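Student: pasting the sequence and the predicted model now:
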Amino acid sequence: SQTIHQWPATLVQPVGSPLSLECTVEGTSNPNLYWYRQAAGRGLQLLFYSVGIGQISSEVPQNLSASRPQDRQFILSSKKLLLSDSGFYLCAWSKKPGRNEQFFGPGTRLTVL
Amino acid sequence: KQEVTQIPAALSVPEGENLVLNCSFTDSAIYNLQWFRQDPGKGLTSLLLIQSSQREQTSGRLNASLDKSSGRSTLYIAASQPGDSATYLCAVSGDYKLSFGAGTTVTVRA
């Protein structure tokens, strides 16, 4: 069976500090990978998706970036965090093509102070 | 741009009552629709996936219908239990991207 992991589970960071969130998927190969953000009072918003190693598409221009160094690893980064980056970050995967069912990880709660 | 709306935003029912959750979307050109459950502070658990060619999908006490032409889906939960208390989200797929509603928060009173 497939499993998706995210870490850390919670993170408190000062404004201007860097960020690195990691997501890994087990039990499948060549998945599509996604980063979503759920901000307080707002719905889930797709930030990035990837169809393969090194292939990243950005949905929303912002202070964040994503990378996919390995087939089942997806990383969300920032060089300098803003207060508005606070939120709940969720990683998801799906089989190809992208319109298949998406499965979500446990999420990372980020608070920027 | 796809807009997804869920009504009501919150719902409180006594145990044993059937739940009816509504989802509407503005663009009928979808590939599928997913219903998710989210417990406080947790990730999303996929409940049901309805392909655009299907009219309904069932899993245990859960039944979801889809009327693509009118842009509507309904999730029915039979004989609700306190453990069903959670936020329920619907999302429509426009290929790779899921567009989410804001969710319906359900409380089942014992």
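Tutor: Good, I have the coordinates. None of these values were measured; they are calculated from a predicted model.

Student: which ones are touching the spatially most central residue of chain A?
Tutor: Nearest to the mean C-alpha position of chain A, by C-alpha atoms, centre = their mean, lies residue A:35 at 3.1 Å. Applying C-beta atoms under 8 Å, 6 or more residues apart in numbering or on different chains, we find residue A:35 in contact with A:23, A:46-49, A:66, A:74, A:76, A:89-91. For every residue, glycine as well, the C-beta is placed using N, CA and C.

Student: with residue A:75 instead?
Tutor: Counting by C-beta under 8 Å, 6+ apart, residue A:75 has contacts A:20-23, A:66-69.

Student: could you give the number of residues near the closest residue to chain A within chain B?
Tutor: Across chain B, the shortest distance to chain A (C-beta to the nearest C-beta) belongs to residue B:96, at 2.9 Å. A count of nearby residues for residue B:96, using other C-beta atoms under 10 Å in any protein chain shown, gives 21.

Student: list the contacts of it.
Tutor: Counted by C-beta under 8 Å, 6+ apart, residue B:96 has contacts A:32, A:34, A:49, A:51, A:94, A:97-99.

Student: need the max-distance pair from these.
Tutor: Maximum pairwise distance in the contacts of residue B:96, criterion C-beta to C-beta, is 13.4 Å, between A:34 and A:97.

Student: and those two? which has more neighbours close in?
Tutor: residue A:34 (28 against 11).

Student: and the helix or strand encompassing the more buried one, which strands flank it?
Tutor: Following DSSP states H and E, one finds residue A:34 within strand A:32-38. Strand A:32-38 has these partner strands in its sheet, going by DSSP bridges: strand A:44-52 (antiparallel), strand A:87-94 (antiparallel).
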